[in-house]
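Participant: got a predicted structure here, sequence first:
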2 protein chains.
Amino acid sequence: MSPTPERITAVDTHDIRFPTSRELDGSDAMNPDPDYSAAYVVLRTDAADGLEGHGFTFTIGRGNDVQVAAIHALRHHVTGRTVEEVCADPGSLFRDLIGDSQLRWLGPEKGVMHMAIGAVVNAVWDMAAKRAGKPLWRLLAEADPAWLVGQIDFRYIDDALTPEEALHILRRGRQGAPERTARLLERGYPAYTTSAGWLGYDDEKLTRLAAQAVAEGFTQIKLKVGADLEDDIRRCRVARAVIGPGIRMAVDANQRWGVAEAIRWTRALAPFDPYWIEEPTSPDDVLAHAAIREAVAPVKVATGEHVQNRIVFKQMLQAGALDVLQIDAARVGGVNENLAILLLAAKFGVPVCPHAGGVGLCELVQHLSMFDYVAVSGTTEDRVIEYVDHLHDHFLDPVVIRDGHYTAPTTPGFSAAMRPESIDRYTFPGGGFWAADPDRQQLQKGQAA
Amino acid sequence: MSPTPERITAVDTHDIRFPTSRELDGSDAMNPDPDYSAAYVVLRTDAADGLEGHGFTFTIGRGNDVQVAAIHALRHHVTGRTVEEVCADPGSLFRDLIGDSQLRWLGPEKGVMHMAIGAVVNAVWDMAAKRAGKPLWRLLAEADPAWLVGQIDFRYIDDALTPEEALHILRRGRQGAPERTARLLERGYPAYTTSAGWLGYDDEKLTRLAAQAVAEGFTQIKLKVGADLEDDIRRCRVARAVIGPGIRMAVDANQRWGVAEAIRWTRALAPFDPYWIEEPTSPDDVLAHAAIREAVAPVKVATGEHVQNRIVFKQMLQAGALDVLQIDAARVGGVNENLAILLLAAKFGVPVCPHAGGVGLCELVQHLSMFDYVAVSGTTEDRVIEYVDHLHDHFLDPVVIRDGHYTAPTTPGFSAAMRPESIDRYTFPGGGFWAADPDRQQLQKGQAA
């Protein structure tokens, strides 16, 4: 240890936006024209190793500036902290961030401020993993169970999961962990693909991409639904005919429905054997998910990409509202809160199938599922990470998909760092791409081009 | 109608902060040092009448700039709209705001973005009421029931309240409305006071202010609890001794506890006959509130000031989690969403006792309760509006409390407009007060002074 402790000296933010709406990739029943974006944060230090912490939250365009402002509002909690302390105990920073009494009023623990906290916390974990010389999944899987429990805030969840129960789950997870690590490094973690099923695609493209998914080794695909029932019936029929009965086909309504409509619509699609219905209604509605689940069984109910925090996930589990829990790496308060959610899912015996896609969400969330496999649930049965073939080339350590599986990352860190030239080019509104874009001014006013 | 329609020409925003943390007013178990603040919006038009629409959301200091940025991100939905259209149907703007597919990603319908929507929507209602020449409560109470139903977004709530049921409640509310209007104008609407019970006050101040509250005609007071149980027992004993058995005494934990602690603590205070326990736990936790309510009866359970939207309120009612529903005028999506919440409460027969205080919340929310009395629930039984004696002199149409009652406003509008000189003086960081403040630079960095 040097006599002068190394400190975090800067919290840099970047408003990065990709013009994805111009390609119709990513369109669904609620999000017709997303411009995949990242409110991106870099923690810089005065340490001799020069290692930075990178993190971000994902948005779909407008409002990415609001998200950047929220990250900026957190910087006083981060700058000046010693690198050693923050990397040895990211949970301490996490608690300070969610406990800021004034900023808490803007949530608490939800929406813009909570996503900003997640970006900062994830950047700390990226730095911690780089300093440890391990990919994040491995840092977590090899960490002391008691230390991991200390990374969790049990406030508002200890009626469903106590620290003692969490410790028990993590200790049990140690049995066979080396063998699972070896298997993970050899085979990777199973993925499913959404690339075929966007609403904007015609039947020809759907057919071609669904066939391609099966050929590439995926055992599950997903179709966006919810805009028009007759269309959905036709698209499900087309997809099922292409993939055959042995491949799972999930459908995703992106919160389009109320309870009655969700039940009616899902039953109408049931002849095509959908594996799960995803986001049938509002992510805030625990009781509605429970009612829908009861009515549409054996079709499973999945949600989570918009579930705001561990407290709502806890209730989803308590109420029996979910068959499949979909964590997102960049919506809740970062790794610390996702640890709580993974342990809640393990306690209730509900499989976790992460949400990914967007920009960088695959890169991040693979680490959490791989940790879950090695050291928490101990299985990949009925577990798949979403995969979407978008924007990976902007990352320094992009995901690698092989035979329908995510290959386990070996580079130290959280795979969060974007290429410097991508940051420069897609910074809004001044970066090279946007400066040359004729629609930039309209977009700056907030209007769709 | 003029041949050139009048339009909204500007959405001005102001970051206004009052240095209330220096007085210990407003301290509670979760918020030790709030600087009451408003992210304030003014809609300006090119209409000859020169009428503006004023609205705001309330924060407690840090992050008020994030809230201002969020309002700014909404302006393209507002500028250019015709004044006549937006005042004739604020619900159309409300739907456009909550339906913005890209901004929706930052919620949906919660936290920073939703509060920003509430500020803008409330500003529109302020303008509409001014143009109608009526205080807002009266505009609502005299509006056509079918038109009011059209102001509500039933998505995600129609499993608990259908448009037909809402129409029935509003039509029933018309019976006797003129008599209730006359009574309201004569007597006002009952209030309760929190001014005596802040955590920072010593027993002498608590005693003096509690006695004063009773002398002033209040029939309910409220004490903040949750920091230290022995202190709370002592303070409840002191307060109950001062006010006697006939005055209601509510207690408020400001989300401090988990389920088990909430039950234990509330039971320990039960000998002093608390009327309700407010915010015993996370505002997101429907199931926890239901469990606590069952365990602490006959003490009532109240919550709402941090409940994010109509969807969570709906579940609170469906789950039997609340005895008292506390709307807030400036957290959800404005008047339109509060219409839905008032009607849900009426459907389930749960009394509404609004949260107020902060800066301007009393001014706003009185209109909603008065509308509820005249045209929805038809009663003030077991209904009181919170009153805190803070910062009212900064408003052009401040609340008037007489004999423990809010006097019904008669000035056209939503009572939202702050005095121009107050806006100038408390704009952060450039206004007169802050420019002269030695702690300004620390506060700008986000650190407490």
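Facilitator: Okay, I see it. Everything quoted here is computed from the prediction, not taken from an experiment.
Participant: helices of the stretch 301-449 of chain A, start to end?
Facilitator: Taking DSSP state H, counting those that start in this stretch, the helices of the stretch 301-449 of chain A run over residues A:310-318, A:334-348, A:361-371, A:420-426, A:432-435, A:440-444.
Participant: which other residues reach the first one?
Facilitator: Going back to what we said before, that points to helix A:310-318. With contacts defined as Cβ atoms under 8 Å, 6 or more residues apart in numbering or on different chains, helix A:310-318 is touched by A:109, A:153, A:156-157, A:159-161, A:283-284, A:286, A:289, A:303-304, A:307, A:321-322, A:325, A:332, A:337, A:340-341, A:344-345, A:347-348, A:350, B:282, B:284-287. To be clear about C-beta, it is placed using only N, CA and C from the backbone, and glycine gets the same treatment.
Participant: deepest-packed of the helices of the stretch 301-449 of chain A, please.
Facilitator: Ranked by mean neighbour count, these are led by helix A:361-371 with a mean of 28 (mean count of other Cβ atoms under 10 Å in any protein chain shown).
Participant: relative to helix A:334-348, how tilted is that helix?
Facilitator: Helix A:361-371 and helix A:334-348 meet at an angle of 50 degrees, taking axes from the mean of the first three to the mean of the last three Cα atoms, to 10 degrees as the criterion.
Participant: and the helix-or-strand element of chain A with minimal mean pLDDT, how far from the chain's centre?
Facilitator: Lowest by mean pLDDT, DSSP states H and E among the helices and strands of chain A is helix A:440-444, with a mean of 84. Per Cα atoms, centre = their mean, to the nearest Å, the displacement of helix A:440-444 from the mean C-alpha position of its chain is 29 Å.
Participant: repeat that for stretch A:188-205.
Facilitator: On Cα atoms, centre = their mean, the centre of stretch A:188-205 falls 18 Å from the chain's centre.
Participant: out of everything not next to it in sequence, what's closest to whichever residue of the stretch 101-250 of chain A sits closest to chain B?
Facilitator: Nearest residue of the stretch 101-250 of chain A to chain B: A:Gly111, at 2.3 Å (Cβ to the nearest Cβ). Counting by Cβ to Cβ, 6 or more residues apart in numbering or on different chains, A:Gly111 lies nearest to B:Gly111, which is 2.3 Å off, once chain neighbours are set aside.
Participant: quick one, what contacts that neighbour?
Facilitator: So B:Gly111 contacts A:106-107, A:110-114, A:308, B:308 (Cβ under 8 Å, 6+ apart).
Participant: reformat the residues you listed as TSV; add distance to B:Asn64, pLDDT and secondary structure.
Facilitator: TSV is the format used below for the contacts of B:Gly111 (distance: Cβ to Cβ, whole Å; pLDDT from 0 to 100; DSSP: H, G, I helix; E, B strand; the rest coil):
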residue	distance to B:Asn64	pLDDT	secondary structure
A:Leu106	9	97	coil
A:Gly107	14	96	coil
A:Lys110	18	98	coil
A:Gly111	16	98	helix
A:Val112	13	98	helix
A:Met113	12	98	helix
A:His114	17	98	helix
A:Gln308	22	98	coil
B:Gln308	19	98	coil
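Participant: list just the nearest of those residues to B:Ala39.
Facilitator: Distance ranking of the contacts of B:Gly111 against B:Ala39, using Cβ to Cβ, places A:Leu106 first at 9.8 Å.
Participant: what number of residues lie near the closest one?
Facilitator: 28 (other Cβ atoms under 10 Å in any protein chain shown).
Participant: thought it was touching A:Met113?
Facilitator: Yes. Using Cβ atoms under 8 Å, A:Leu106 makes contact with A:Met113 at a distance of 4.6 Å.
Participant: what touches both of those two?
Facilitator: B:63, B:66, B:111-112.
Participant: pretty sure A:Gly176 contacts A:Ser377?
Facilitator: No. Assessed by Cβ under 8 Å, A:Gly176 is found out of contact with A:Ser377, at 11.8 Å.
Participant: could you check which of the two has the larger neighbour count?
Facilitator: Remark: of A:Gly176 and A:Ser377, A:Ser377 carries more neighbours, 22 against 13, as counted by other Cβ under 10 Å.
Participant: nearest residue to the more buried one in space, please, no chain neighbours.
Facilitator: A:Ala346 is the one closest to A:Ser377 (Cβ to Cβ, 6+ apart), at 5.4 Å.
Participant: isn't the one you found right next to A:Ile169, touching?
Facilitator: Yes. Contact status for A:Ala346 versus A:Ile169: in contact at 5.1 Å, counting by Cβ under 8 Å.
Participant: please enumerate residues in contact with stretch A:263-274?
Facilitator: A:225-226, A:229, A:232-233, A:236-237, A:239-240, A:245, A:249-251, A:253, A:257, A:277, A:280, A:291-292, A:295-296, A:299.
Participant: which of the residues you listed fall within strands?
Facilitator: A:249-251, A:277 (DSSP state E).
Participant: just among these, which is most surrounded?
Facilitator: A:Ile277 (30 neighbours).
Participant: number of nearby residues for the spatially closest residue to A:Ala253 that is not a sequence neighbour?
Facilitator: Residue nearest to A:Ala253 in three dimensions, not counting chain neighbours: A:Gly226, with 3.8 Å by Cβ to Cβ, 6+ apart. A:Gly226 is flanked by 24 other residues according to other Cβ under 10 Å.
Participant: from A:Ala196, how far off is A:Gly226?
Facilitator: 17 Å (Cβ to Cβ, to the nearest Å).
Participant: ok, A:Phe371 next?
Facilitator: Taken as Cβ to Cβ, the span from A:Phe371 to A:Ala196 is 29 Å.
Participant: how about the residues of the stretch 251-400 of chain A by chain B?
Facilitator: Residues of the stretch 251-400 of chain A lying near chain B by Cβ under 8 Å from any Cβ of the partner chain: A:255, A:258-260, A:281-288, A:291, A:306, A:308-309, A:311-312, A:314-315, A:318-319.
Participant: among those, name the buried ones.
Facilitator: A:255, A:258-259, A:281-288, A:291, A:306, A:308-309, A:311-312, A:314-315, A:318-319 (16 or more other Cβ atoms under 10 Å in any protein chain shown).
Participant: so how far is B:Ala302 from the residue nearest to A:Pro245 when sequence neighbours are not counted?
Facilitator: Counting by Cβ to Cβ, 6+ apart, the nearest residue to A:Pro245 once its immediate chain neighbours are dropped is A:Asp273, at 7.2 Å. A:Asp273 sits at a distance of 47 Å from B:Ala302 (criterion: Cβ to Cβ).
Participant: in terms of neighbours, single out the busier of those two.
Facilitator: Legend: neighbour count by other Cβ under 10 Å for A:Asp273 and B:Ala302, higher for B:Ala302 (27 against 13).
Participant: I'd like to know the beta-bridge partner residues of that one.
Facilitator: Beta-bridge pairing of B:Ala302, defined through DSSP bridges, involves B:Glu278, B:Val324.
Participant: which residues does it contact?
Facilitator: B:250, B:276-279, B:322-326, B:353.
Participant: could you single out the nearest of the residues you listed to chain A?
Facilitator: Checking the contacts of B:Ala302 one by one against chain A (Cβ to the nearest Cβ), the nearest turns out to be B:Glu279, at 10.7 Å.
Participant: strands of chain A, residue ranges please.
Facilitator: A:8-17, A:37-45, A:53-59, A:189-197, A:220-224, A:248-252, A:274-278, A:300-303, A:324-325, A:385-387, A:401-402, A:405-406.
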